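Student: Give me a 3D structure for the following:
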Amino acid sequence: MKKLFAVLGDPIGHSMSPVMLNDILSFYVIDAHYHPFHVSRGDLETAVKGLKAIGISGFNITIPHKSAIIPFLDEIDELALSIGAVNTVVNENGKFVGYNTDGYGFIKGLEPYISSFTDKKVLVLGAGGAARAIYFTMAKMNPQTIDIANRTVIKAQELIESCPYETNSKALTLEEAEIHLHEYDVVIQTTMIGMYPNISEMPISLRNLSSQSLVCDIIYNPLETQLLIEARKKGATVQNGVEMFVYQGALAFEKWTGIFPDVKRMRENVLQQLGGVKC
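Tutor: Residues are numbered from 1 along each chain as shown. Below is the predicted model:
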């Protein structure tokens with residue numbers, strides 16, 4: 001019997017996951033289909049019950065359901081529970097078990113540049129859902145420091161205080177982050193600032209950025225945000241949001257099938273959908 005996988009969201013038509021994951025299912029000759037389902041907020045519980053009734057093998061959850069879905073699942077992974085968001089569900093012998101692969105997906109994407117975080121000073125820009133997933137997951141990697149800068153400092157402080165893992169962290173204003181930017185080995189931009197169509201915007205000035213830094217932006221439309229353009233001009237290494245997107249999908253695929261997929265093929269697929277190739 002053909003297996004079914006899915007992604008639930010509202011909206012969902014823009015999602016690149018179906019093309020990427022149907023291609024990789026075909027590549028590994030797995031008799032399955034990955035389908036996008038548009039599910040409104042009020043219909044989420046009904047949708048989850050329906051998916052369980054038909055015996056779906058697994059599914060992804062995207063905006064705005066990552067937190068709202070938690071009460072409708074049978075079990076939640078410890079990290080996903082601490083983050084307060086789920087993006088991947090696995091049908092484990094009839095139980096829907098929720099995981100969060102966003103943070104690990106981001107960290108997997110950094111492996112070509114960073115083998116260990118224990119000697120790294122990290123700055124996270126933003127204190128929203130993506131920042132929370134990355135911050136909590138990276139906290140388990142035991143970085144030397146991992147600070148959070150946000151327009152509203154109290155939100156950064158609340159995020160630090162809510163982390164269940166021991167960290168060496170400070171909450172900073174964006175102005176403070178700009179002043180001390182040269183101190184950080186890794187700068188991670190997790191907000192929507194610079195996303196299409198507002199492509200000229202930047203969350204902070206990079207005037208004090210070190211040329212030895214790695215600057216990451218989770219945005220992938222455009223493929224190179226103004227922040228990354230400016231960071232590259234300063235001599236820094238840059239990475240866009242494609243890697244995080246690809247690896248979170250690869251980790252979900254592994255949980256469903258037991259196979260860690262060909263991420264190069266998945267990356268090329270996503271870049272083709274985006275209409276260009278840029279680092």
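
Student: What segments of the stretch 1-150 of the chain are helices?
Tutor: Remark: helices of the stretch 1-150 of the chain, listed N- to C-terminal, are 17-27, 44-53, 78-83, 102-109, 129-139; assignment by DSSP state H, counting those that start in this stretch.

Student: Just list the residues touching the residue most central in space within the chain, thanks.
Tutor: The centroid of the chain falls nearest to residue 102 when counting by Cα atoms, centre = their mean (3.5 Å). Taking Cβ atoms under 8 Å, 6 or more residues apart in numbering, we find residue 102 in contact with 85, 87, 130, 133, 134, 137, 244, 248. Where C-beta positions appear, they are placed from N, C-alpha and C, glycine not excepted.

Student: What sits closest to it if chain neighbours are left out?
Tutor: Across the structure, with Cβ to Cβ, 6 or more residues apart in numbering as the measure, the residue nearest residue 102 apart from its sequence neighbours is residue 133 (4.1 Å).

Student: That neighbour and residue 170: what is the separation?
Tutor: Spatial separation of residue 133 from residue 170 under the definition Cβ to Cβ, to the nearest Å is 20 Å.

Student: any idea of the pLDDT on residue 186?
Tutor: Residue 186 is assigned 98 on the pLDDT scale.

Student: Bridged to it, which residues?
Tutor: Beta-bridge pairing for residue 186 (DSSP bridges): residue 122, residue 214.

Student: if we can go back for a sec, of the helices of the stretch 1-150 of the chain, which is nearest residue 205?
Tutor: In this view, those are compared for proximity to residue 205 by Cβ to Cβ, and helix 129-139 is the closest at 19.6 Å.

Student: quick check: angle from the closest one to helix 102-109?
Tutor: Using axes from the mean of the first three to the mean of the last three Cα atoms, to 10 degrees, the interaxial angle of helix 129-139 with respect to helix 102-109 works out to 60 degrees.

Student: quick one: helix 129-139 to chain centroid distance?
Tutor: Centroid separation between helix 129-139 and its chain, computed with Cα atoms, centre = their mean, to the nearest Å, is 9 Å.

Student: Ok, stretch 72-89 next?
Tutor: Averaging C-alpha coordinates over stretch 72-89 and over its chain gives two centres that are 14 Å apart (Cα atoms, centre = their mean).

Student: what does stretch 140-150 give?
Tutor: The gap between where stretch 140-150 is centred and where its chain is centred comes out at 16 Å by Cα atoms, centre = their mean.

Student: can you give me the end-to-end distance of that stretch?
Tutor: With Cα to Cα, to the nearest Å as the measure, stretch 140-150 spans 22 Å from end to end.

Student: same question, stretch 188-203
Tutor: With Cα to Cα as the measure, what separates the two termini of stretch 188-203 is 11 Å.

Student: Check stretch 54-61 too.
Tutor: Taking Cα to Cα as the criterion, the two ends of stretch 54-61 lie 18 Å apart.

Student: Residue 271 is in what secondary structure piece?
Tutor: Remark: residue 271 resides in helix 263-274, with elements defined by DSSP states H and E.

Student: in that helix, what counts as buried?
Tutor: 263, 266, 267, 269, 270, 271, 274 (16 or more other Cβ atoms under 10 Å).

Student: Likewise for stretch 137-155?
Tutor: Per 16+ other Cβ under 10 Å, stretch 137-155 contains these buried residues: 137-141, 143, 146-150, 153, 155.

Student: And residue 71, how far from residue 91?
Tutor: Counting by Cβ to Cβ - residue 71 and residue 91 are separated by 18 Å.

Student: of the two, who's got more company?
Tutor: Just comparing residue 71 and residue 91: by other Cβ atoms under 10 Å the higher neighbour count belongs to residue 91, 20 against 10.
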